[in-house]
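Visitor: Next one to model:
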Amino acid sequence: MKAMVLTGIRAMEMRDVAAPELRKSTDVLIRMHTIGVCGSDVHYYETGRIGSQVVSYPYRVGHECSGYVAALGDAVDKVAVGDLVAVDPAISCWKCDQCRAGRPHTCRNLGFLGTPGQADGCLCERIVMPAESCFRANGLSPEQAALVEPLSIGVYAVKQSGGLAGNSIAILGAGPIGNCVLLSARTRGVGRTFVTDKLDYRLDFSRTLGAEWTGNPQRLDIVHGILCEVPSGLDIVFECCGDQEALDQAVDLLKPGGKLVIVGIPRADRVSFSIDKLRRKEICVHNIRRQVDCVQAALDLIAGGSIDISSLSTHRFGFARAQQAFDLVGGYHDDVIKAMIEL
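Guide: Numbers count the residues shown, from 1 in each chain. You can find the predicted model right below:
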């Protein structure tokens, strides 16, 4: 089958690779239709690593995807041949202490699509996934189904933040994940919403999704601006860009007893905090590791009309033009929010 593989820093090419086969009775063979380009994919494309996860070339990335069921193992009854499925890219063992504790997203033996040392990505014609990772998405478009993966992270981040009803929040970073957090928060009765980003077009986009206040930290003091609106400070801040500057701003924005939810993936190996501010305010810091049990919730929000996820897709590319999609996203060109690759 055909696959797009990384062959070096900012280098990608189409190659013939072995087609996957059903090996277990719980396996599902999926014919890929739509693949979203995620910021983590671009990290691997531009730097060859994320933290300790280092690419060994050639390597196939990609984890946001949807497709049609082509074949099933004998024990699969969750989906049927011909179904459109949204794919949870995590492959958990369901046996370790983490899985038994209801934390399959931190499985000790986790395999994750497009992660070096774990599993090859979905930037190819067909993949095999366990039935547990496949969610029927009939009634949605393939594009909507592929966007379920980033939306599920937004749903999970909001869930882990605690009660949002009436609370004032900030979202620092208005990329696809930040906007998925915004969309999810608005379904939970959130109070005032403040969104920041260094790209004005992203702020414009967030306003169309319901952000009440937006600001560009390169042109104004966003801490001063937001605290002028809410002098007592914010209840919750979602850091969605992975920048040290944003982490510092988050601590300054929070009221005593507030919560910092770290969703973004920093490119740096280490980040830091002013421990004096963190301690004196008794700030709770909550890291988000993808999601758990939120894929179906994300599907239901889209299917029920509570969230219009389609607007996140701003650019579409054919399979042979995958590298152009990665360059577009990596360079923040042409007001891109989310680039989709269609097979």
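Visitor: Correct me if wrong: residue 53 contacts residue 119.
Guide: No: using Cβ atoms under 8 Å, residue 53 makes no contact with residue 119, being 11.7 Å away. No exception for glycine: its C-beta is placed from N, CA and C like everyone else's.
Visitor: more neighbours, the two?
Guide: The neighbour comparison of residue 53 against residue 119 (other Cβ atoms under 10 Å) goes to residue 119, with 19 against 15.
Visitor: residues contacting that one?
Guide: Taking Cβ atoms under 8 Å, 6 or more residues apart in numbering, we find residue 119 in contact with 91, 111-113.
Visitor: partner strands of the helix or strand hosting residue 31, parallel or antiparallel?
Guide: Secondary structure from DSSP states H and E places residue 31 in strand 27-36. The strands beside strand 27-36 in its sheet (DSSP bridges) come out as strand 64-72 (antiparallel), strand 126-130 (antiparallel), strand 338-342 (antiparallel).
Visitor: Model confidence for residue 18, exactly?
Guide: Note for residue 18: predicted pLDDT of 96.
Visitor: My read is that residue 120 contacts residue 60, right?
Guide: Yes: Residue 120 lies in contact with residue 60 (Cβ under 8 Å); the separation is 4.5 Å.
Visitor: hey, what's in contact with both of the two?
Guide: Common neighbours of residue 120 and residue 60 (Cβ under 8 Å, 6+ apart) are residue 114.
Visitor: quick check: domain ranges of this protein?
Guide: Following automatic domain parsing, one gets these domains for the chain: 2-138+309-342, 153-287.
Visitor: Residue 146 is nearest to which of those domains?
Guide: Nearest to residue 146 among the domains of the chain is domain 2-138+309-342 (4.2 Å), distances taken as Cβ to Cβ.
Visitor: what about that closest one, how long is it end to end?
Guide: 13 Å (Cα to Cα, to the nearest Å).
Visitor: For the residue lying closest to residue 215 once chain neighbours are set aside, grab phi and psi.
Guide: Of all residues not flanking residue 215 in the chain, residue 222 sits nearest, at 4.4 Å (Cβ to Cβ, 6 or more residues apart in numbering). Backbone geometry at residue 222, expressed as degrees, to the nearest 10, gives phi -70, psi -30.
Visitor: if I pick residue 222, what's in contact with it?
Guide: Applying Cβ under 8 Å, 6+ apart, we find residue 222 in contact with 196, 215-216, 249.
Visitor: Spatially, which two of those residues are the most separated?
Guide: Farthest-apart pair in the contacts of residue 222 is 216 and 249; separation 12.5 Å (Cβ to Cβ).
Visitor: hey, what's in contact with both of those two?
Guide: Counting by Cβ under 8 Å, 6+ apart, the common neighbours of residue 216 and residue 249 are 196, 222.
Visitor: what about the two, which has more around it?
Guide: Between residue 216 and residue 249, residue 249 has the larger neighbour count (other Cβ under 10 Å), namely 21 against 14.
Visitor: Assess the claim that the more buried one and residue 221 are in contact.
Guide: No: using Cβ under 8 Å, residue 249 is not in contact with residue 221; the gap is 9.4 Å.
Visitor: ok so, going back, out of the strands paired with strand 27-36, the one nearest residue 152 is which?
Guide: The closest of the strands paired with strand 27-36 to residue 152 is strand 64-72. By Cβ to Cβ, the value is 10.2 Å.
Visitor: Could you list the residues in contact with that closest one?
Guide: Residues external to strand 64-72 that are found in contact with it (Cβ under 8 Å, 6+ apart): 22, 27-38, 79-87, 89, 113, 122, 126-127, 131, 134, 137, 142-143, 145-150.
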